[in-house]
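>>> how would this look folded up:
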Amino acid sequence: MLLSLPWAYWLGFALTLWLLFDLVRGVAYIWHPYHRGSDPAMYWLTMLIWALFAASCFLLPSWAIN
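Numbering: from 1, shown residues only. So this is what the prediction gives:
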């Protein structure tokens, strides 16, 4: 059953784990590292972008793969 999940779900799980890992470390990457302590606005914007991308992976199978 677990192996029958769409590939987009697996990508979403991986990106969610990456997001949680970055939350714990306090560093997020897009083009270069943004540290929560020294550049909080860009850090949280980066985290928002990654969270939206991860969430879109869970929505993808319901609207694109049919």
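>>> what residues does the longest helix seen in the chain touch?
Counting residues, the longest helix in the chain under DSSP state H turns out to be helix 40-63. The contact list for helix 40-63 (CB atoms under 8 Å, 6 or more residues apart in numbering) reads 6, 8-9, 11-12, 15-16, 18-19, 22-23, 26-30, 34-36. Quick note: C-beta positions are derived from backbone N, CA and C, even for glycine.
>>> out of those, which are buried?
8, 11-12, 15-16, 19, 22, 27-28, 34, 36 (16 or more other CB atoms under 10 Å).
>>> The least confident helix or strand in the chain by mean pLDDT: which residues count as buried?
In the chain, the helix or strand scored least confidently by mean pLDDT, DSSP states H and E is helix 40-63, which has a mean of 86. Counting neighbours by 16+ other CB under 10 Å, one finds that the buried residues in helix 40-63 are 42-43, 46-47, 50, 54, 57-58, 60.
>>> for residue 28, phi and psi?
phi -130, psi 150 (degrees, to the nearest 10).
>>> which residues does it bridge with?
Residue 28 has the following beta-bridge partners by DSSP bridges: residue 34.
>>> wait, what's in contact with it?
So residue 28 contacts 22, 34, 36, 43, 46-47, 50 (CB under 8 Å, 6+ apart).
>>> one step back: can you tell me which of the buried ones among the contacts of helix 40-63 are in helices?
Counting by DSSP H, the buried ones among the contacts of helix 40-63 place 8, 11-12, 15-16, 19, 22 in helices.
>>> Flag the least confident of those.
Lowest pLDDT within these is found at residue 8 (80).
>>> Now do the contacts for residue 19.
47, 50-51, 54.
>>> Widest-spaced pair of the residues you listed?
Between any two of these, the greatest separation by CB to CB is 10.4 Å, found for 47 and 54.
>>> what's the nearest residue to residue 54 if we skip its chain neighbours?
Spatial nearest neighbour of residue 54, excluding adjacent residues (CB to CB, 6 or more residues apart in numbering): residue 15 at 3.7 Å.
>>> residue contacts, that neighbour?
By CB under 8 Å, 6+ apart, the residues touching residue 15 are 50, 53-54, 57.
>>> and residue 36, what pLDDT?
Residue 36 is assigned 93 on the pLDDT scale.
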